[in-house]
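Asks: structure of the sequence below:
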Amino acid sequence: MNKETIQNWARELVEANPDNFHSPEDYIRHLGEVYDVAEVVVGNILAKYPNIPLIAEEISLAAGLHDIGRPLEKDQTFHELRGARLIEENGLTKGVAPSLREVDRIAQMIRPHGFVYEMWHDPDCADQRSEYEPLDDILLLPRTWQEAIVAYADMANLGGERVRVAERMDELIHRYEHDPKYKNEMIVRTAQTALDRLLSLAERVELLEQGKMNDKEIVQYGFL
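Replies: Below is the predicted model:
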């Protein structure tokens with residue numbers, strides 16, 4: 001599966017659920033943009049640390065699939081978990097990866113992106129959370145470089161441009177705080193709660209991309 005087939009799958013899901021999106025083409029374009037950011041980030045990391053066991057194609061693929069669960073429900077809460085489940089259940093037949101082990105690994109790479117961890121613990125999300133329980137909430141925090149890069153690629157993209165994660169979060173919070181089409185107090189609250197965590201994650205990924213981490217710092221994160 002490559003960027004084009006990811007976008008084709010997303011388009012199929014949109015067409016099967018036509019009432020769940022305001023701007024489906026923006027959504028499909030976003031998947032490709034995040035794929036591209038991840039591809040650049042991983043390429044830069046491997047250029048500086050060629051022995052790091054990162055599979056570039058797999059991380060770009062996971063980044064492109066990060067929002068694949070969005071078309072399935074109008075309520076976008078826990079779309080990360082919905083997308084991971086979609087991949088786990090359909091990844092082999094859709095050609096995401098050739099083995100169930102690889103499919104499950106890619107699904108986990110997308111599960112902890114955004115501020116899903118903070119949403120999971122927000123009382124306003126209790127009803128939506130029941131669909132996925134029981135679930136160990138440690139799976140909702142990026143624990144590996146692969147997961148961190150996927151989360152970063154999503155947060156560092158704004159309208160097709162690579163931006164600082166702080167800028168992206170400011171835009172998101174402002175939009176959900178003031179734009180009547182998107183206004184959502186829960187998203188604003190959980191995004192604000194997650195802000196320091198996400199900025200710290202972004203700083204780590206950028207330091208690795210810039211070749212500014214030593215071996216000890218790098219191995220503090222595991223590899224799937």
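
Asks: for P98, give me its contacts.
Replies: Contact analysis of P98 by C-beta atoms under 8 Å, 6 or more residues apart in numbering lists L92. For the C-beta atoms, the positions are set from N, CA and C on the backbone; glycine is no exception.

Asks: just the pLDDT at it, thanks.
Replies: Note for P98: predicted pLDDT of 96.

Asks: can you check L54 too?
Replies: Note on L54: pLDDT of 96.

Asks: how about the strands in this structure?
Replies: With strands called from DSSP state E, the chain shows them at 157-158, 161-162.

Asks: and those strands: which comes nearest G83?
Replies: Closest to G83 of the strands of the chain is strand 157-158 (C-beta to C-beta; 16.8 Å).

Asks: what's the closest one in contact with?
Replies: Contacts for strand 157-158 (C-beta under 8 Å, 6+ apart): H30, E33, V34, V37, V163, E167, R168, E171.

Asks: which of those has the largest number of neighbours?
Replies: V34 (27 neighbours; other C-beta atoms under 10 Å).

Asks: tell me which stretches of this structure form helices.
Replies: Ranges of helices in the chain, per DSSP state H, are 3-16, 24-48, 56-64, 79-94, 100-110, 116-120, 126-129, 145-155, 165-178, 185-209, 215-219.

Asks: packing partners of the first one?
Replies: Helix 3-16 is packed against helix 24-48, helix 56-64, with contacts defined by 3 or more C-beta pairs under 8 Å, 6 or more residues apart in numbering; DSSP states H and E.

Asks: right, I'll leave it there.
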